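Trainee: need the 3D shape of this:
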Amino acid sequence: TFFSIKMNIGSKKHIIFAILLSILFDDTIAFAQEKVQPRIVIDKQRMAQMDKETTSEGRSEKSVERIVPIISFEFDKKNAIYKLGEEALFSIFIRNPDSTLYNGECKYKLTDENSVTLREGTLIVTHGKCEYKSVSKAAGFIRLYVTAKYQNNVATNYATVGFEPEKIEASQTFPADFMDFWEKQKATLDTIPPNINRVEFDGPDSAYKYEYIDFQNIGGKRFYFLMTQPKKPGQYGISMRIPGAGVYKRHVHLSTLPNTISIELSIHDFPINQPIETYEEIIPHYFRIINGKKERYQKFDVHDREKYYYKSVILGLWRTLDIACAEPNADLNKLMVSGGSQGGGLTLAIAGLDRRIKFIEVKCPVLCDHTAAIRQPGRAAGWPRLFEAVEKPEFIDDAIKTSAYYDNCNFARYITAPVFVVQGFNDTTVPPSGTYAMFSLIKSPKELYVEPYSAHGFTPEALKQTAIRSANFRKKYFYEWNKSDSWKEGGDNEK
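Mentor: Predicted coordinates:
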């Protein structure tokens, strides 16, 4: 060392002294180089700021106000569900932008759920009103598009009706080794040390403990979530909410539900507590050009059940529950999972695999009946339309086989928890027929609440009614829980 060079090395005392100084000097340097990370603080002001932060992929386009006719619909059946062979009545109402009643022609197009045109033509609108009637001999959905013009500005709106949708049967096959496949995946995960990192931080409520947690998942990936719980010792239910689709940075809620261990998460292998600018560099890694089109992670490797993107996600959710259930304050009789869109689909999947789950709520769930469009004419395939991303013709059979292991029509068969589902008939992202097909296979207590006028995003009144219905169902089959934020997130295209 520097000191030993200056010492008389013939003296044992000097040598020992030199060694001690060397150790002390090196340790001092190491300590000086080590950066002490400041404790994270997220107060109410910062939380409000985080609510507004998003990246380019998640940023909604600014709506441009257009001077166009206003088109709306009503049905003679409150829930827009009819018997086979029964005439469905579309009452169409059109107003001009200045609220005067529209008079003149409008164009219509009747399609099946898969957007195949059945009929089209012209209707005469008198005093702002006209009607259209249609019937169906097959269980499913039809959709009426109406287009009207005002001073060369065109507006289109649509409405959807169902014909005995409870009779829709799943098109998806059920592999004999379905559960064996998933049990083997979990067994593999259990051989991987979790290497859990926990970072406690200060949140807006001093009565709660806040933690960023991440752990080792399969394939070298890590999985990230945020957990909050009361600091006071006790027995608390667990509520895990799974987010909608996207790789943009969305605010991970700092939930402080009373008497609850709350889990909010990301399904991707990047940290959830970084500055917003960090995520712009991450986003491109979750896109690929497939068949000349820019596709997102949900369409990666659709022909390989071992590589498909959602495999690691589902296993990550499974291990997240392992960690949550090991909390000293966890009441394992009160474990609830919820989500909308992607979150709804993944909620159904993990509920089919993990019987510790005691209650689930889902809205417009994805991953329902992938093969519908190729096996049952008139129906649309469940999101994410996997077969659009088959890169080579020879991969199509493998893609169809892979889809069966990631289809909620198969996970649903194993669900034991009570299930509350809500679906909009106008949803073109998540076809309602797939939700009905999946729902018919659930054997546990269940309720399907339909919103005929809602699409993938719900109106404020629809959200209100959904919250009331879900709360009543939860009170009956689970327990009364003030969980008013269950339905605020759906995912792609929710506006």
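
Trainee: what element comes up after the helix or strand that I142 is a member of heading to the C-terminus?
Mentor: Element membership of I142, judged by DSSP states H and E, is strand 140-150. Downstream of strand 140-150, the next assigned helix or strand under DSSP H and E is strand 153-163.

Trainee: listing partners with orientation, what would you give for that next one?
Mentor: strand 81-82 (parallel), strand 140-150 (antiparallel) (DSSP bridges).

Trainee: closest to P431 out of the ones you listed?
Mentor: Nearest of the strands paired with strand 153-163 to P431, taken as CB to CB: strand 140-150 at 7.7 Å. The C-beta positions use only the backbone N, C-alpha and C, and glycine is treated the same way.

Trainee: how near is G316 to S239?
Mentor: 17 Å (CB to CB, to the nearest Å).

Trainee: which of those two has more neighbours?
Mentor: G316 (28 against 25; other CB atoms under 10 Å).

Trainee: contact partners for the residue lying closest to that one once chain neighbours are set aside?
Mentor: Nearest non-adjacent residue to G316, counting by CB to CB, 6 or more residues apart in numbering: F223, 3.7 Å away. With contacts defined as CB atoms under 8 Å, 6 or more residues apart in numbering, F223 is in contact with D214, F215, N217, L265, D269, G316, R319, T320.

Trainee: among those residues, name the buried ones.
Mentor: Among the contacts of F223, the ones that count as buried by 16 or more other CB atoms under 10 Å are D214, F215, N217, L265, D269, G316, R319, T320.

Trainee: confirm the last one sits in a helix?
Mentor: Yes - assigned with DSSP: H, G, I helix; E, B strand; the rest coil, T320 falls within a helix.

Trainee: so for it, what's the pLDDT?
Mentor: We have a pLDDT of 98 for T320.

Trainee: tell me which residues touch it, please.
Mentor: Neighbours of T320 in contact, by CB under 8 Å, 6+ apart: F215, F223, F225, M240, I263, L265.

Trainee: ok, these vs P365, which is closest?
Mentor: Distances from P365 to these, taken as CB to CB, are shortest for M240 (15.5 Å).

Trainee: neighbours of A207, how many?
Mentor: If we define neighbours as other CB under 10 Å, then A207 has 9 of them.

Trainee: wait, it sits on K232?
Mentor: Yes - the criterion here is CB atoms under 8 Å, and A207 meets it with K232 at 7.2 Å.

Trainee: burial check on S433, number of neighbours?
Mentor: 29.

Trainee: starting at the chain centroid, how far to the helix or strand hosting it?
Mentor: Following DSSP H and E, one finds S433 within helix 432-439. Chain-centre distance of helix 432-439: 17 Å, with CA atoms, centre = their mean, to the nearest Å.

Trainee: can you check stretch 375-388 too?
Mentor: Distance of stretch 375-388 from the chain centroid (CA atoms, centre = their mean) equals 19 Å.

Trainee: kindly format the C-alpha coordinates of it as PDB.
Mentor: Extracted as PDB, the C-alpha positions of stretch 375-388 are listed here (Å, rounded to 0.1, in the frame of the first residue of the first chain):
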ATOM      1  CA  ARG A 375     -64.500 -21.800 -36.400                       C
ATOM      2  CA  GLN A 376     -67.800 -20.000 -36.000                       C
ATOM      3  CA  PRO A 377     -68.800 -17.600 -38.800                       C
ATOM      4  CA  GLY A 378     -70.300 -14.400 -37.600                       C
ATOM      5  CA  ARG A 379     -68.200 -14.200 -34.400                       C
ATOM      6  CA  ALA A 380     -65.100 -12.200 -33.800                       C
ATOM      7  CA  ALA A 381     -62.000 -13.600 -32.200                       C
ATOM      8  CA  GLY A 382     -61.100 -12.700 -28.700                       C
ATOM      9  CA  TRP A 383     -58.400 -10.000 -28.200                       C
ATOM     10  CA  PRO A 384     -55.500  -9.900 -29.200                       C
ATOM     11  CA  ARG A 385     -56.500 -11.600 -32.500                       C
ATOM     12  CA  LEU A 386     -53.500 -14.000 -32.200                       C
ATOM     13  CA  PHE A 387     -53.600 -15.400 -35.700                       C
ATOM     14  CA  GLU A 388     -53.000 -12.000 -37.300                       C
END
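
Trainee: buried stuff in that stretch?
Mentor: Applying a neighbour-count criterion of 16+ other CB under 10 Å, one finds Q376, G378, R379, A380, A381, G382, W383, P384, R385, L386, F387 buried in stretch 375-388.

Trainee: and the residue nearest to the fifth one when sequence neighbours are not counted, how many neighbours?
Mentor: Excluding the flanking residues, the one nearest A381 by CB to CB, 6+ apart is A373, at 4.1 Å. Under the neighbour criterion other CB under 10 Å, A373 is assigned a count of 21.

Trainee: which residues are in contact with A373?
Mentor: A373 sits next to N114, R379, A380, A381 when contact means CB under 8 Å, 6+ apart.

Trainee: how about 6 Å then?
Mentor: Neighbouring residues of A373 by CB atoms under 6 Å, 6 or more residues apart in numbering: N114, A380, A381.

Trainee: element containing it, please.
Mentor: Once you assign secondary structure using DSSP H and E, A373 falls within helix 372-375.

Trainee: again, but for Y449
Mentor: Going by DSSP H and E, Y449 is in strand 446-451.

Trainee: next secondary structure after that strand?
Mentor: helix 460-477.

Trainee: contacts for the strand holding I142 next, please.
Mentor: 68-69, 71, 90, 92, 94, 96, 106-111, 113, 132, 136, 155-160, 162, 378, 432-433.

Trainee: weed out the non-buried ones from those.
Mentor: Buried subset of the contacts of strand 140-150 (neighbour count, 16+ other CB under 10 Å): 68-69, 71, 90, 92, 94, 96, 106, 108-111, 113, 132, 136, 155, 157-160, 162, 378, 432-433.

Trainee: what about the nearest residue to R469 once chain neighbours are set aside, how many residues close to it?
Mentor: Among residues not flanking R469 along the chain, Y449 sits closest, at 4.9 Å (CB to CB, 6+ apart). Here the number of neighbours of Y449 (other CB under 10 Å) works out to 17.

Trainee: now P418
Mentor: 20.

Trainee: any idea how far N329 is from it?
Mentor: Relative to N329, P418 is positioned 24 Å away (CB to CB).

Trainee: residues near the closest residue to I396 other than its chain neighbours, how many?
Mentor: Excluding the flanking residues, the one nearest I396 by CB to CB, 6+ apart is V390, at 5.1 Å. Look at V390: counted by other CB under 10 Å, it has 20 neighbours.
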